[in-house]
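> Give me a model of this one.
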Amino acid sequence: MLEAFHAKYLLRFNEPAVTSRGVMTVKECHYVLVRERGVPGRFGIGEVPLFPGLSAEDCPGHDARLDEACARVNDFRPEAWRAWSSICFGMETALADLRNGGQRLPFPSAFTRGEQAIEINGLVWMGNREQMARRVDEKLAAGFRCLKLKIGGIDFEEERALLREIRARYPAATLQLRLDANGAFSPREAPRKLEQLAAYDIHSIEQPIRQGQWRAMCAVAVASPIPVALDEELIGVTSRDERQALLDTIAPRYIILKPSLAGGFQSCDEWIALAGERAIGWWVTSALESNVGLNAIAQWCAPRVGNLPQGLGTGQLYANNIPSPLLQCGVTLVHDPRGTWHLATLFPPLP
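Presented below is the predicted three-dimensional model:
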């Protein structure tokens, strides 16, 4: 018989994180612990990383549903919790971890044995032009061959100037550029802006217009000289029929999978299958999880990864992240099988 508990944790950013939804200095999450009743020494742990303003379940009642999921842990079925994506993500992780011995190995593979590395892109956060230019230089100095820039936070002409400077130094043959607009463009202005951005040999652009406008997004995707990738568009789309309708209506070139926002791991496997049937590419991206969530995403992703750099990291955004065996080695993410976890501060002593 299983039992589950959860505890709140406040992650503190090393420096304010500028997003299209405002500036974040802290981020709240919960950690859920699952164990066999009466067997206190072995447990699985998962992260429930609610993202204010973006998670479909960011609404009153979330904590009550988390209480319910813990109370019903013995009957937990991921397909029944897709609408509560962060809870599903955390419960799937904790249960998989426990099934595999409670060693923080929810999805063991060559990656967790230290035999496989995952190539990742360098993420450049929004900021003023000088800040973004400095961050670009840091990523390039580290050897990244793929950069993802979040745009829409400063003047569009300044963003174009930054892209122009990057391309003057690094042609497309040596550096892949991905853009993430987070829905910053209106359907009316998107075609013109995408045409202008295409001059810089852009690999793809995530979510050029706000989600929920399927017909408008289809028109943008068809006309765009830059391949369009769907990101926020996937959030809250839980049924197989609705997912098929979304992909068939918009016909994107890529989809971006964030397991904590897109219904959990089983749910993302369904997205991958549906995308494969339509020759739609994909890659995986984290969504400001701590190392507990990142560890699970990386382990799930590793056996599925293709030849595209993934949007993963090692949680370096936070001053008080949970130390873990995840390491960034050059432009890859690796798992050190000799590494240790420090989880004592997350839960009070349990009976």
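> what does stretch 138-146 rub up against?
Identification of contacts with stretch 138-146 by CB atoms under 8 Å, 6 or more residues apart in numbering yields 119, 121-124, 147, 170, 174-178, 203, 309, 330-331. (C-beta placed from N, C-alpha, C; glycine too.)
> what comes up buried for it?
Residues of stretch 138-146 classed as buried: Lys139, Leu140, Phe144, Cys146 (neighbour count, 16 or more other CB atoms under 10 Å).
> Average pLDDT for it, rounded please.
Here stretch 138-146 scores 89 as its mean pLDDT.
> Stretch 203-220 too?
97.
> one step back: adding secondary structure and distance to Met132, write the buried residues of stretch 138-146 out as a markdown table.
As requested, the buried residues of stretch 138-146 are exported to a markdown table (DSSP: H, G, I helix; E, B strand; the rest coil; distance: CB to CB, whole Å):
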| residue | secondary structure | distance to Met132 |
| --- | --- | --- |
| Lys139 | helix | 11 |
| Leu140 | helix | 12 |
| Phe144 | coil | 15 |
| Cys146 | strand | 16 |
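> Taking these together, which two end up most distant?
Pairwise distances across the buried residues of stretch 138-146 peak at 10.9 Å for Leu140 and Cys146 (criterion: CB to CB).
> Any figure for the gap between His30 and Ala298?
From His30 across to Ala298, the span is 20 Å (CB to CB, to the nearest Å).
> Those two - which one has more neighbours?
More crowded of His30 and Ala298, by other CB atoms under 10 Å: Ala298, with 26 against 21.
> what helix or strand is the more buried one on?
helix 291-301 (DSSP states H and E).
> Using CSV, write down the CA coordinates of the helix or strand following that helix.
Sequence order places strand 326-329 as the next helix or strand after helix 291-301, per DSSP H and E. This file holds the C-alpha atoms of strand 326-329, laid out as CSV (Å, rounded to 0.1, in the frame of the first residue of the first chain):
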residue,chain,number,x,y,z
LEU,A,326,23.0,16.4,-13.6
LEU,A,327,26.0,18.2,-15.2
GLN,A,328,26.6,20.4,-18.2
CYS,A,329,29.6,19.1,-20.0
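> and the next element down the chain from strand 326-329?
For strand 326-329, the following helix or strand on the C-terminal side (DSSP H and E) is strand 332-335.
> by contact count, what packs against that following strand?
Applying 3 or more CB pairs under 8 Å, 6 or more residues apart in numbering; DSSP states H and E, we find strand 332-335 packed against strand 118-119, helix 291-301, strand 326-329.
> neighbours around Asn291, how many?
For Asn291, using other CB under 10 Å, the count is 23.
> From what I see, it and Gln316 are in contact.
No. Between Asn291 and Gln316 there is no contact under CB atoms under 8 Å: 9.7 Å.
> if I pick Pro16, what's in contact with it?
Contacts of Pro16 (CB under 8 Å, 6+ apart): Val23, Met24, Thr25.
> Just among the residues you listed, which is most surrounded?
Neighbour counts for the contacts of Pro16, by other CB under 10 Å, peak at Met24, which reaches 17 neighbours.
> could you give the angle of the helix or strand where that residue lies to helix 291-301?
Assigned by DSSP H and E, Met24 belongs to strand 22-36. Orientation check (axes from the mean of the first three to the mean of the last three CA atoms, to 10 degrees): strand 22-36 against helix 291-301 gives 80 degrees.
> Against which helices or strands is strand 22-36 packed?
For strand 22-36, the packing partners by 3+ CB pairs under 8 Å, 6+ apart come out as strand 2-19, strand 43-48, helix 62-71, helix 85-99.
> and if we set it to 10 Å?
strand 2-19, strand 43-48, helix 62-71, helix 85-99, helix 291-301 (3 or more CB pairs under 10 Å, 6 or more residues apart in numbering; DSSP states H and E).
> Report the buried residues of it.
In strand 22-36, counting by 16+ other CB under 10 Å, buried: Met24, Lys27, Cys29, His30, Tyr31, Val32, Leu33, Val34, Arg35.
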